[in-house]
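Visitor: Sequence and predicted structure, then a few things I'm wondering about:
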Amino acid sequence: MTQEIQFPSTMGDADALMWRVEEDPLLRSTAAAVTLLDHAPEKTALRTRLARATREIPRLRQHVVSPPSFLSNPVWSEDPYFDLDYHLRYVRAPRDGSFRSVLDLAASLAMQGFDRSRPLWEFVVVEDMAGGRAALIQKLHHAVTDGMAGLLLMQRLYETEPDLVVPERPPVEVSDRRPSGALRVGAEAFVRNLVRQPEVARRRAARLFGFALRPYSSTRRAVVDIASIARVYAPALRPLSPIMRERSTRYRFDTLSVPLEPLKSAARAAGCKLNDAFLAAVVGGWRRYHERHRVDPESLRVTMPINLRTGGGPTVAGNRFTVARFRVPLREPDPRRRMRAIRELVAAQRSEPGLGYAEDVAALLNRVPGGWTAELFAFLAKTNDFVASCVPGPAEPLYVAGARVASLFAFGPPAGAAANLTLFSYLGRANITINADPAAIPDHEALVGCMSEGFDEVLKVA
């Protein structure tokens, strides 16, 4: 069953902050996916499927209107000039038609900023790959959705049956709407937000009333929360890695794939979960990479999204996660002990009360004038060594307009770090992607080899 998705018209504070800090290209939050297909999808069927998806998913037909920040956060508004054929394009496979050439093409597309006057997504079908295969490169702005909601969007775009009924080409749709000015859109959003103020005031009054009834416990809780906020948002001056210091806006895409069940078995053998095994393998890879460069840092700083979605009820589009930022030890040689240490670190991060104030901090930063916020975030982001994310994907075979999906790879943005490593599972495989900044990691083949050894080491625990 397809889960219901709600689409608020105004960005939340975290999404709005993510949108505004992109004044610095280093902080672009473009997510990309590369779907490897056994053959090219049927064109009319794919176009019709996408046309239907854009009617079911409003975000795919909406662009962002940015009113003055004192009025409202950015607003999602229907693009009166929406053109499906701008967002869906076909190209021939470059060079030798290999998967490597497709990854290079996908990285090049992901590095390019979106046209902010249009909906924030692009699909590129790569035809004529070696062996008769094809690929689908999907480019999506992170403000549209996070990884978990992205899985729900996939339900509208992919099929679970191989049978293909080719529909007629849908007619070209022309909107009868006219563009709305940013001031008007902001004023309308401001009025809508006023309606919500009584509920916000009620929650604040409840907190104040609780303080009046229980001043000692409330004060103690406030002290605990403030201390946690200080830990969570404490700035750093530099990356912990002595060799991955440079930053640029370039991407290099690489992939690994390991069997999913043995990786889960290794996690269970250590009393841990899949995310712990994934992160332990990545840390093992980083340890080997630094040893190859004859340096021995004690730890690295990782940024890891923590899902805030709960089961049941409708899912709200946009990003429903907060970011944990913490150190992971690099000198633990035993993969079992490393998984357990990481499990404790992640559990401690999840229990930090300060993470619950992410929207409040974002709301405050959204009111900072000029480009100061982007400059501050760019400085802080460069001090992170890597980003890591683990997303469970579909376990059943998928099809795109009659073409079978052979593999699925999801690439997250480095967002100022040296690299982003993401695990996305599909059909019993843990597909790991590496989106590395070549300025920080020029020897990408060495990094891939070290990461492969890191996963082999963890798999032996099973």
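Guide: Right, received. Where do you want to start? As the structure is a computational prediction, the values presented were derived from the model and not from experiment. Numbers count the residues shown, from 1 in each chain.
Visitor: Point out where the chain drops to low pLDDT.
Guide: Residue ranges of the chain with pLDDT under 70: 1-5, 69-70, 145-153, 163-222, 229, 232, 307-321, 358-359, 369-371.
Visitor: Domain ranges for it, per the record?
Guide: 5-168, 232-389+421-459 (automatic domain parsing).
Visitor: element containing residue 258?
Guide: strand 252-259 (DSSP states H and E).
Visitor: Of the domains of the chain, which is nearest residue 406?
Guide: domain 5-168 (4.6 Å; Cβ to Cβ). Bear in mind the C-beta positions are built from the backbone N, C-alpha and C, glycine included.
Visitor: Other residues contacting stretch 101-109?
Guide: 32, 34, 36, 91, 93-95, 122, 124, 126, 129, 135, 137, 139, 251-255, 411, 435 (Cβ atoms under 8 Å, 6 or more residues apart in numbering).
Visitor: Can I get the buried part of those as one PyMOL selection?
Guide: Entered in PyMOL, the line below selects the buried ones among the contacts of stretch 101-109, by 16 or more other Cβ atoms under 10 Å:
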select buried, resi 32+34+36+93+94+122+124+126+129+135+137+139+251+252+253+254+255+411+435
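Visitor: Leaving out sequence neighbours, find the closest residue to residue 35.
Guide: Leaving aside its sequence neighbours, residue 35 sits nearest to residue 136 (Cβ to Cβ, 6 or more residues apart in numbering; 4.2 Å).
Visitor: any idea how far residue 38 is from residue 255?
Guide: Distance of residue 38 to residue 255, given as Cβ to Cβ, to the nearest Å: 18 Å.
Visitor: Export the domains of the chain as TSV, with columns for distance to residue 225.
Guide: Listed next are the domains of the chain as TSV, based on distance: least, Cβ to Cβ, whole Å:
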stretch	distance to residue 225
domain 5-168	18
domain 232-389+421-459	5
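Visitor: Identify whichever of these lies nearest to residue 223.
Guide: domain 232-389+421-459 (10.7 Å).
Visitor: burial count for the closest residue to residue 117 other than its chain neighbours?
Guide: In this structure, residue 117 finds its nearest non-sequential neighbour in residue 63, 6.1 Å apart by Cβ to Cβ, 6+ apart. When neighbours are defined as other Cβ atoms under 10 Å, residue 63 has 21 of them.
Visitor: who's in contact with residue 63?
Guide: Residue 63 touches 76-77, 79, 116-120, counting by Cβ under 8 Å, 6+ apart.
Visitor: Which of the residues you listed are buried, as a ChimeraX select command?
Guide: Buried residues within those, by 16+ other Cβ under 10 Å, are selected in ChimeraX with:
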select :76,77,79,118,119,120
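Visitor: So which of the contacts of residue 63 sit within strands?
Guide: 76-77 (DSSP state E).
Visitor: Take the contacts of residue 63 and keep only those in helices.
Guide: In helices, judged by DSSP state H, none of the contacts of residue 63 are found.
Visitor: For residue 18, state which of the contacts of residue 63 is nearest.
Guide: The closest of these, once distances to residue 18 are taken by Cβ to Cβ, is residue 120, at 11.6 Å.
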